[in-house]
Structures are given as C-alpha cells and as structure tokens.
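K.L.:
fold the stuff below for me.
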Amino acid sequence: MGEPLKTFVGGTEVDVPNSIPDIRATLPEDRRAEFDHAINEAGVHEIQAVMRHWMLEAVPDPEAERILDRLARDEAERRSVS
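P.N.:
Numbers count the residues shown, from 1 in each chain. This next block holds a predicted model:
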C-alpha cells in the first residue's frame, strides 16, 4: 500500500482512505453493502472511478459533489480519447 492520501476539508487536513478495507471501514454501516456491491461489480476499466467515488464519500466534504462531477467528466473524457 502507498502513502496515505490527504485532503483539506474546511481548512483542516484529513486522511483519505485509499484501500478497499479502509474505505469500507470508514463508511457508515448502512452504506457498506452498496460499497461491496459496487466494488465487486466493477471491471478493470471502472475500478478506479468506483474507488474514487467511494473514497470521497468516506471523507465528509461539502464540496464532494463538485469533485465527483469533475472526476466523472475527466474519466468520460479519457475514455472517449482511447
């Protein structure tokens, strides 16, 4: 596993879970089954986007929707170029 990821939320530096077990442990219990399903259904081309989505959901961030939208656009653009 690599170095822990960090981000800033409201001016405070916070850890971002960056492995499947860490993301799962950080999520509220009622979201874990949905996470498990998403991870288990993701193919090789989708797994990074799925991981990014759930990493951000695991970190309480008021700007998460904006970030998720940008990541989705970036991912769609990368796929259309390939």
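
K.L.:
any low-confidence regions in the protein?
P.N.:
Regions of the chain meeting the criterion pLDDT under 70 cover residues 1-2, 61-65, 82.

K.L.:
quick one: the strands in it, in order.
P.N.:
Counting by DSSP state E, the chain has strands at residues 5-9, 12-16.

K.L.:
could I get those as CSV with mean neighbour count?
P.N.:
Glycine gets a C-beta too; all of them are placed from N, C-alpha and C. Shown next, in CSV, are those (neighbours: other Cβ atoms under 10 Å):
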stretch, mean neighbour count
strand 5-9, 12
strand 12-16, 12
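
K.L.:
as CSV, the ones you listed with distance to residue 79 would be great.
P.N.:
Putting those into CSV (distance: least, Cβ to Cβ, whole Å) gives the following:
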stretch, distance to residue 79
strand 5-9, 24
strand 12-16, 24
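
K.L.:
for residue 58, which of the ones you listed is the nearest?
P.N.:
Taking Cβ to Cβ, strand 12-16 is the member of the strands of the chain nearest to residue 58, at 7.5 Å.
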